[in-house]
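Colleague: take this sequence and fold it.
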Amino acid sequence: EVQLVESGGGLVQPGGSLRLSCAASGFDFSRSTMTWHRQAPGKALEWISRYDSISGRTYYADSVKGRFTISKNNAKNMLYLELADLNTDDTAMYYCSQDVYYDNKWNPAYWGQGTQVTVSS
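Modeller: Prediction:
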């Protein structure tokens with residue numbers, strides 16, 4: 001059974017930092033492409049960062065580029081997202097997903113339950 005469990009969210013002041021974690025089990029994590037997404041209240045789900053495990057490349061949405069860093073620890077089956085220089089626009093529920101490639105793009109196959117990040121003074 002595939003399981004993804006996010007943690008590390010919380011309340012942080014503008015300009016602050018957080019590290020989100022996603023614990024994975026039930027699939028070949030070392031070979032899986034993994035993605036972080038977020039959804040702010042009243043807004044659409046937004047893809048923010050992807051780790052392509054085959055190429056080792058990482059990708060970021062423009063909204064987080066230079067501030068967020070995705071990483072992966074295959075030995076621990078853990079995916080991370082370091083959030084820095086946070087602002088109120090980063091307030092959202094953050095989700096990790098395991099992705100599969102079809103229709104010429106990566107598509108989430110499994111999702112975690114999410115972890116809430118709130119940026120407020």
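
Colleague: can you pull the pLDDT of the spatially most central residue of the chain?
Modeller: The C-alpha lying nearest the average C-alpha coordinate of the chain belongs to residue 36 (CA atoms, centre = their mean; 2.2 Å). Listed pLDDT for residue 36 reads 98.

Colleague: who are the contact partners of it?
Modeller: If you count contacts by CB atoms under 8 Å, 6 or more residues apart in numbering, residue 36 has them with 20, 22, 47-50, 68, 70, 79, 81, 94-97. C-beta here means a position set from N, CA and C on the backbone, and glycine is covered the same way.

Colleague: and for residue 3?
Modeller: With contacts taken as CB under 8 Å, 6+ apart, residue 3 has the following neighbours: 23, 24, 25, 26.

Colleague: show me what it is bridged to.
Modeller: On the basis of DSSP bridges, residue 3 takes part in beta bridges with residue 25.

Colleague: and stretch 98-105, C-alpha only, in PDB?
Modeller: As requested, the backbone C-alpha atoms of stretch 98-105 are provided in PDB (Å, rounded to 0.1, in the frame of the first residue of the first chain):
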ATOM      1  CA  GLN A  98       4.300  10.300  -6.300                       C
ATOM      2  CA  ASP A  99       4.000  10.900 -10.000                       C
ATOM      3  CA  VAL A 100       3.700   8.800 -13.100                       C
ATOM      4  CA  TYR A 101       4.400   9.900 -16.700                       C
ATOM      5  CA  TYR A 102       1.700   9.800 -19.300                       C
ATOM      6  CA  ASP A 103       0.100  12.100 -21.800                       C
ATOM      7  CA  ASN A 104       3.600  13.700 -22.100                       C
ATOM      8  CA  LYS A 105       3.600  15.000 -18.600                       C
END
